[in-house]
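>>> how would this look folded up:
(2 chains)
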Amino acid sequence: NAGVMQNPRHLVRRRGQEARLRCSPMKGHSHVYWYRQLPEEGLKFMVYLQKENIIDESGMPKERFSAEFPKEGPSILRIQQVVRGDSAAYFCASSPSGTSRYEQYFGPGTRLTVT
Amino acid sequence: KNQVEQSPQSLIILEGKNCTLQCNYTVSPFSNLRWYKQDTGRGPVSLTIMTFSENTKSNGRYTATLDADTKQSSLHITASQLSDSASYICVVSDWTGTASKLTFGTGTRLQVTL
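As a prediction, the model looks like this:
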């Protein structure tokens, strides 16, 4: 059973470009979470999605950031018009349910560098 | 505001020695507490998960304790190995009835040396 997969593992973008980060949850998991980790800081919650629904996006910046989890295919975190401050590691996690009893399994992360 | 604080920030120990990492939290309503190990350049991997009714839980050489009254947890590592070098993150989950949200500590960076 493959774990959570994220791609690309490393992404370099110039200021103003768009970044698309993909996350494929573990088989059988329909709940996906995105987190951001700035250098020397802890992970911060961004958004929680189920298939075709955004459940909680309270951690997502209001502008330039969006996320989706379509019926088919991976979850996508999209950052438009990237700025240097967006440089961070972005982690995706999945779980079989949204209740707190269930473990969240993390992917290896995508390291975004904005030049 | 939910917060998780960990100490020490970093720690260096000799291979074979034991160590204890601390976690204090203010998260409400509390659901469970997890310890994760994060190797450099990797995603966090779960070590233990404890609900408020559990005082201690072990996973091999890792033993976590939880005192829900004082809102403190510790992670004890026995007979440390070089491969234990990593960041150890304390994570507390709340539960609002519809979804849970994790609050992460900033981690303790452990280095095990020869």
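
>>> hey, let's count contacts and neighbours off CA atoms from now on
Fine.

>>> Now do the phi/psi pair for A:Cys54.
Heads up, residue A:54 is Ile, not Cys. Dihedral pair for A:Ile54: phi -100, psi 120, per degrees, to the nearest 10.

>>> Show me what it is bridged to.
Counting by DSSP bridges, A:Ile54 is bridged to A:Leu49.

>>> Over to B:Thr20?
Judged by DSSP bridges, the bridge partners of B:Thr20 are B:His76.

>>> I figured it hits B:Ser73, correct?
No - at 10.2 Å, B:Thr20 does not count as touching B:Ser73 under the criterion of Cα atoms under 8 Å.

>>> check contacts around B:Ile77.
B:Asn18, B:Cys19, B:Thr20, B:Arg61, B:Tyr62, B:Thr63 (Cα atoms under 8 Å, 6 or more residues apart in numbering or on different chains).

>>> tell me the strands in chain A, going along the chain?
Here chain A has its strands, by DSSP state E, at A:5-7, A:10-13, A:19-24, A:31-37, A:43-50, A:53-56, A:65-68, A:75-79, A:88-95, A:105-106, A:110-114.

>>> and A:Leu49, how many neighbours?
22 (other Cα atoms under 10 Å in any protein chain shown).

>>> Check which helices and strands the helix or strand of chain B with the lowest mean pLDDT sits against.
Lowest on mean pLDDT, DSSP states H and E among the helices and strands of chain B sits strand B:100-104, with a mean of 81. Contacts defined by 3 or more Cα pairs under 8 Å, 6 or more residues apart in numbering or on different chains; DSSP states H and E place strand B:100-104 against strand A:43-50, strand B:3-7, strand B:86-95.

>>> Any idea which of those strands gets closest to A:Arg111?
strand A:43-50 (13.2 Å; Cα to Cα).

>>> Pull the contacting residues for the residue nearest to B:Ser93 when sequence neighbours are not counted.
Once flanking residues are discounted, B:Ser93 sits nearest to B:Leu102: 4.5 Å by Cα to Cα, 6 or more residues apart in numbering or on different chains. B:Leu102 is in contact with A:Phe45, B:Val91, B:Val92, B:Ser93, B:Asp94, counting by Cα under 8 Å, 6+ apart.

>>> Format those residues as JSON lines; extra columns: pLDDT and distance to B:Val45.
Putting these into JSON lines (pLDDT from 0 to 100; distance: Cα to Cα, whole Å) gives the following:
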{"residue": "A:Phe45", "pLDDT": "90", "distance to B:Val45": "17"}
{"residue": "B:Val91", "pLDDT": "93", "distance to B:Val45": "12"}
{"residue": "B:Val92", "pLDDT": "91", "distance to B:Val45": "15"}
{"residue": "B:Ser93", "pLDDT": "87", "distance to B:Val45": "16"}
{"residue": "B:Asp94", "pLDDT": "84", "distance to B:Val45": "19"}
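
>>> Please tell me which one of these counts the most neighbours.
B:Val92 (30 neighbours).

>>> where does chain B come near chain A, residue by residue?
Listed as neighbours of chain A in chain B under the rule Cα under 8 Å from any Cα of the partner chain: B:31-32, B:41-46, B:93-95, B:98-107.

>>> Show me which of the residues you listed are buried.
B:31-32, B:42-46, B:93-95, B:100-107 (16 or more other Cα atoms under 10 Å in any protein chain shown).
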